[in-house]
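Asker: Provide a 3D model corresponding to the input given below.
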Amino acid sequence: MAPVRHGKLRGFASVWLPIGLRINDCPVLDGPEGVWAALPGRPELDRDGRARVGANGERVYQPVLEWRSRRLREAFSARLISLVREAYPHDFDR
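Answerer: Numbers count the residues shown, from 1 in each chain. Below is the predicted model:
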């Protein structure tokens, strides 16, 4: 994992899936509800080509890949977080 500390973002992880697909730069995030991982996204652009910012002042991202169900999304996140915690046990100390 490439560590980063910016808001909720704690870093990016890349993962190989059993089907042979590598997903690069999955964001690993930490918030009040705990730690989770997501699939990478791309910044949403305004008509002038600048990254759009939401009401909360943070960039808005569009999904590039999506899971078919919430169950799959949560299972992916849980497994990726367990691997990150195993490799970097102190990165999520509060």
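Asker: rest of the way, CA atoms for contacts and neighbours
Answerer: Will do.
Asker: beta partners of the residue most central in space within the chain?
Answerer: Nearest to the mean C-alpha position of the chain, by C-alpha atoms, centre = their mean, lies Pro27 at 2.3 Å. With DSSP bridges as the criterion, Pro27 is bridged to Phe12.
Asker: and the pLDDT at it?
Answerer: You'll see Pro27 listed with a pLDDT of 94.
Asker: mind listing what it touches?
Answerer: The neighbours of Pro27, taking C-alpha atoms under 8 Å, 6 or more residues apart in numbering as the test, are Leu9, Arg10, Gly11, Phe12, Ala13, Ala37, Ala38, Leu39, Pro40.
Asker: could you rerun that using 6 Å?
Answerer: By C-alpha atoms under 6 Å, 6 or more residues apart in numbering, the residues touching Pro27 are Gly11, Phe12, Ala37, Ala38.
Asker: how near is it to Ala37?
Answerer: Distance, Pro27 to Ala37, using C-alpha to C-alpha, to the nearest Å: 6 Å.
Asker: mind listing the strands for the chain?
Answerer: For the chain, strands defined by DSSP state E occupy the ranges 2-6, 9-16, 22-31, 34-37, 41-43, 61-63.
Asker: and the fifth one, average pLDDT?
Answerer: When pLDDT is averaged over strand 41-43, the result is 94.
Asker: buried ones in that strand?
Answerer: Using 16 or more other C-alpha atoms under 10 Å as the test for burial, strand 41-43 gives Gly41.
Asker: what's that strand in contact with?
Answerer: Ala51, Val60, Tyr61, Gln62, Pro63, Val64.
Asker: do that again at 8 Å, thanks
Answerer: Residues from elsewhere that reach strand 41-43 (C-alpha under 8 Å, 6+ apart): Ala51, Arg52, Arg59, Val60, Tyr61, Gln62, Pro63, Val64, Leu65.
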